[in-house]
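>>> The amino acid sequence is not available; the structure is as follows:
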């Protein structure tokens, strides 16, 4: 529990801290974690505005997490609610004014907004105090809503959020909004790059790359924890990996439409040309030396390598496209990388990309059913995929399925009424 002087000091450093995170999803997690710490709140949620709706984007809940087994995460459904006066979050977004409610079960029946008790019933959680703050852009429009829930005293008793809590959270929201607005802009730029690839290859969509990125981060996080990597490094690498994974197939922009859009299977020559997208994608990041550029190059070049060495492009010079000395097999063909020769980000994205390809309907195929997908992935362990990472993959399958539902191809989430009864959380 932070003292007032600690809160003031933390606020002065908050902007620097948040601006070190660039990916929107990773930043949402960081913002909510910090907000709950400032307010000593048991739980919280963030909604991001899209048009006249609020999309439920991220949640945390200490009480519910304590019911989980070690290593498990809270799984939540995504949904959207209208910006109107009937819900607490909708009212704050509509009016631009915060709400500090001591007990949501004692809201005046004459109030336009009410608390939906179904969330508590579904999750077996008891919501009491709720502080809801608007997140505003630099031009004072509503970016989203920050909600912290169940303030706690030093003895973990649920109490009301104080006026001082409210003032501190307004300062916090102002700083966080700047970082979130910047992260949204970064995400928009990345998705525009993906859109260029989508014009060439209809398989490369915004939802696809967001799913691959989301899967990759979950697998990496557990892999890193298994190795005792510190939390600061894990957070930094999650931020970098998520953005890099979104651009795993960016090199396809340089591949011929005749190959990318061919309705049938590729012949051997066409497939050789297609394989060049790994080198071309890596080449886009060959000169720059930031951590992101290095990760993006690593992912683009290596996500089609295989654990057994039968993948591509192998030990290749990204600039010349020729085999590295000592790795040429014959006639300019290089040996594929195998096992730990494949960088960790490449090994992770390989799993995420194949899983999403099997799980998703395309113009040329139906989505596979789950038993077939999992059986196929299991059979590829130790052949196509790193067996250690595959163990993590199967341990995280429920989380990966939740990510899949979040980023659907038609970009449509569950509507509010449906989500009220299906969600496994309270918001």
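All right, it came through fine. Every value quoted in this text rests on a predicted model; they were computed, and no experiment measured them.

>>> which stretches of the stretch 151-300 of the chain form helices?
Secondary structure of the stretch 151-300 of the chain (DSSP state H, counting those that start in this stretch): helices at 163-200, 206-226, 231-246, 257-260, 268-283, 291-302.

>>> meant to ask about the stretch 301-427 of the chain, not that
Using DSSP H, counting those that start in this stretch, helices in the stretch 301-427 of the chain cover 344-359, 370-380, 387-395, 397-406, 416-422.

>>> What are the buried residues along the fourth one?
Spelled out, that is helix 397-406. The neighbour-count criterion (16 or more other C-beta atoms under 10 Å) identifies 399, 400, 402, 403, 404, 406 as the buried residues of helix 397-406. (C-beta placed from N, C-alpha, C; glycine too.)

>>> My read is that the second one contacts residue 213, right?
No - using C-beta atoms under 8 Å as the test, residue 400 is too far from residue 213 to be in contact (11.9 Å).

>>> how about low-confidence regions in the stretch 1-150 of the chain?
1, 4, 8 (pLDDT under 70).

>>> What are the boundaries of the helices in it?
4-18, 24-39, 62-65, 88-95, 118-123.

>>> gap between the fourth one and the chain center?
So the one you mean is helix 88-95. Helix 88-95 has its C-alpha centroid displaced from the chain centroid by 25 Å (C-alpha atoms, centre = their mean, to the nearest Å).

>>> And residue 190, how close does it get to residue 221?
20 Å (C-beta to C-beta, to the nearest Å).

>>> Then residue 11?
Residue 11 is 28 Å from residue 221, by C-beta to C-beta.

>>> now swap in residue 192 and tell me
From residue 192 to residue 221 the distance is 27 Å (C-beta to C-beta).

>>> Which of the two has more residues huddled nearby?
residue 221 (20 against 10; other C-beta atoms under 10 Å).

>>> wouldn't residue 147 be in contact with residue 41 here?
No - assessed by C-beta under 8 Å, residue 147 is found out of contact with residue 41, at 9.2 Å.

>>> Among those two, which residue is more densely surrounded?
residue 41 (26 against 23).

>>> in the sheet, who's paired with the more buried one?
residue 151 (DSSP bridges).

>>> Tell me if I'm right that it and residue 153 touch.
No - between residue 41 and residue 153 there is no contact under C-beta under 8 Å: 11.7 Å.

>>> re earlier: so for residue 147 and residue 41, which residues contact both of them?
Common neighbours of residue 147 and residue 41, counting by C-beta atoms under 8 Å, 6 or more residues apart in numbering, are residue 131.

>>> Report the residue spans of the stretch 301-427 of the chain with pLDDT below the cut-off.
332, 362-365, 409-427.

>>> and if we set it to 80?
Along the stretch 301-427 of the chain, segments meeting pLDDT under 80 span 329-333, 361-365, 409-427.

>>> and the residue nearest to residue 223 when sequence neighbours are not counted, how many residues sit next to it?
Nearest non-adjacent residue to residue 223, counting by C-beta to C-beta, 6 or more residues apart in numbering: residue 392, 5.9 Å away. Neighbour count of residue 392, defined by other C-beta under 10 Å: 20.

>>> tally of neighbours for residue 281?
The burial count for residue 281: 25, using other C-beta under 10 Å.

>>> And it, how close does it get to residue 251?
3 Å.

>>> Give me the common contacts of the two.
residue 300.

>>> The helices of the stretch 1-150 of the chain into CSV, with extra columns for mean neighbour count?
Formatted as CSV, the helices of the stretch 1-150 of the chain follow (neighbours: other C-beta atoms under 10 Å):
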stretch, mean neighbour count
helix 4-18, 13
helix 24-39, 21
helix 62-65, 16
helix 88-95, 22
helix 118-123, 16
